[in-house]
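**Q** got a predicted structure here, sequence first:
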Amino acid sequence: MRLYVLGSGSRGNCCAVEADGSAILLDAGFSAREIERRAEAAGLDLTRVAGIVLTHEHGDHACGAPRLARRLGVPVLTAEGTWARLAPRMPCAAHRPIGLRAAVELGPFRVEACPTSHDAADPVALAVRTSDGTGVGVAYDLGRATTAVRYLLKNLTGLVLEANHDEMQLRTSGYPPVVQRRIAGSGGHLSNRAAADLLSELHHPGLSVVVLAHLSERCNSAFDARATVAPALQRAGFGGALHVATQDVPLPPIDVVMPEMMQLRLGL
Ligand SMILES: [Zn+2]
Ligand SMILES: [Zn+2]
């Protein structure tokens, strides 16, 4: 499985996974033209995209979806409440519901979702797996990591996880207290520290890739996010690759493969 991180932050989020000649977009939070531009720069062939999965309806996750779904002629996969908000903007798009009750199969991908704690209609975190046992989880805009999110993100090969703000930088950011409380509250965003704790808990021998995402430009930096998370992952025994997503430039494609030890254990 190959993971593309086309960009992440409060001004737009878009990732994709590719396997067996097929791909699936995970959020489309830039304009369709910008996603096309970034896909080309990263080497992602959008004609292979079989569907667009959206975590929630906020513009930084969904704004490019209507036009892109139409151009690519692919279905949009969202939770029911998210679709109720988005459907008027894409009357011609085919919708497939995702949620706790059933996984959705799309090409080589199996997409699972669970509710998250965020101030949107029906937000979800995602886990996408292929038949070879590899899987990538995407979880951002998490006020807090609920039991459901912790369960969904277990035993995945790659994780794209929010590390939104440094708690100290948020306190000294100049944001009014009410805004600070919203960002740090249960409907807001995970701090670097909370991301580090969650990753330590989720670590297992098969985890090979971690991407820190949705960094606040005002209250965080790639350096600070890494400095908080890397030691925690190291203590947990993580020997894989730690990346930090950026807002403006796609990351080079990331191969998500199971560590060799894990493949031996599973007899692959
Ligand atoms: Zn949001
Ligand atoms: Zn967001």
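**A** Done, it's in. Numbering: from 1, shown residues only. Ligands and ions are numbered 1, 2, ... in the order given.
**Q** ok, now how distant is Tyr151 from Ala113?
**A** 12 Å (C-beta to C-beta, to the nearest Å). For every residue, glycine as well, the C-beta is placed using N, CA and C.
**Q** between the two, who's got more neighbours?
**A** The neighbour comparison of Tyr151 against Ala113 (other C-beta atoms under 10 Å) goes to Ala113, with 28 against 11.
**Q** hey, what's the more buried one bridged with?
**A** Taking DSSP bridges as the rule, Ala113 bridges to Leu126.
**Q** contacts only, for it.
**A** Residues in contact with Ala113 (C-beta atoms under 8 Å, 6 or more residues apart in numbering) are 53, 79, 98-100, 124-127, 152.
**Q** which members of those residues occur in strands, if any?
**A** 53, 124-127 (DSSP state E).
**Q** any stretches of the protein with poor pLDDT?
**A** Counting by pLDDT under 70, the low-confidence segments of the chain come to 261-268.
**Q** show me which residues of it sit near ligand 2.
**A** Counting by C-beta under 5 Å from the ion, the chain comes close to ligand 2 at 60, 141.
**Q** may I see the buried residues of stretch 174-185?
**A** If you call a residue buried by 16 or more other C-beta atoms under 10 Å, then stretch 174-185 has these buried ones: 175, 180, 182-184.
**Q** same check, this time on stretch 207-224
**A** Buried-residue list, stretch 207-224, by 16+ other C-beta under 10 Å: 207-216, 219-220, 224.
**Q** that stretch and ligand 1, any residue contact?
**A** No - shown here: stretch 207-224 not in contact with ligand 1 (C-beta under 5 Å from the ion), separated by at least 8.8 Å.
**Q** could you list the residues in contact with stretch 89-99?
**A** With contact meaning C-beta under 8 Å, 6+ apart, stretch 89-99 is reached by 51, 53, 65-66, 69-70, 74-80, 83, 87, 104, 106, 111-115, 124, 126.
**Q** so which of the residues you listed reach ligand 1?
**A** Taking C-beta under 5 Å from the ion as the test, ligand 1 is in contact with none of the contacts of stretch 89-99.
**Q** in helices only, show me those.
**A** 65-66, 69-70, 80, 83 (DSSP state H).
**Q** which of these lies at the shortest distance from ligand 2?
**A** Ala65 (14.0 Å; C-beta to the ion).
**Q** the closest residue to that closest one other than its chain neighbours: what's it in contact with?
**A** Among residues not flanking Ala65 along the chain, Ala28 sits closest, at 4.3 Å (C-beta to C-beta, 6 or more residues apart in numbering). Going by C-beta under 8 Å, 6+ apart, Ala28 touches 14, 35, 52, 54, 61-65, 68.
**Q** same check, this time on Glu34
**A** Applying C-beta under 8 Å, 6+ apart to Glu34 gives the contacts 12, 64.
**Q** how about the closest residue to Pro75 other than its chain neighbours, phi and psi?
**A** In space, and not counting its chain neighbours, Pro75 is closest to Ala94: 4.1 Å by C-beta to C-beta, 6+ apart. Here is the backbone geometry of Ala94 (degrees, to the nearest 10): phi -80, psi 140.
**Q** likewise for Gln234?
**A** Main-chain dihedrals, Gln234, degrees, to the nearest 10: phi -60, psi -40.
**Q** can you count the residues close to it?
**A** Applying other C-beta under 10 Å, we find 13 residues neighbouring Gln234.
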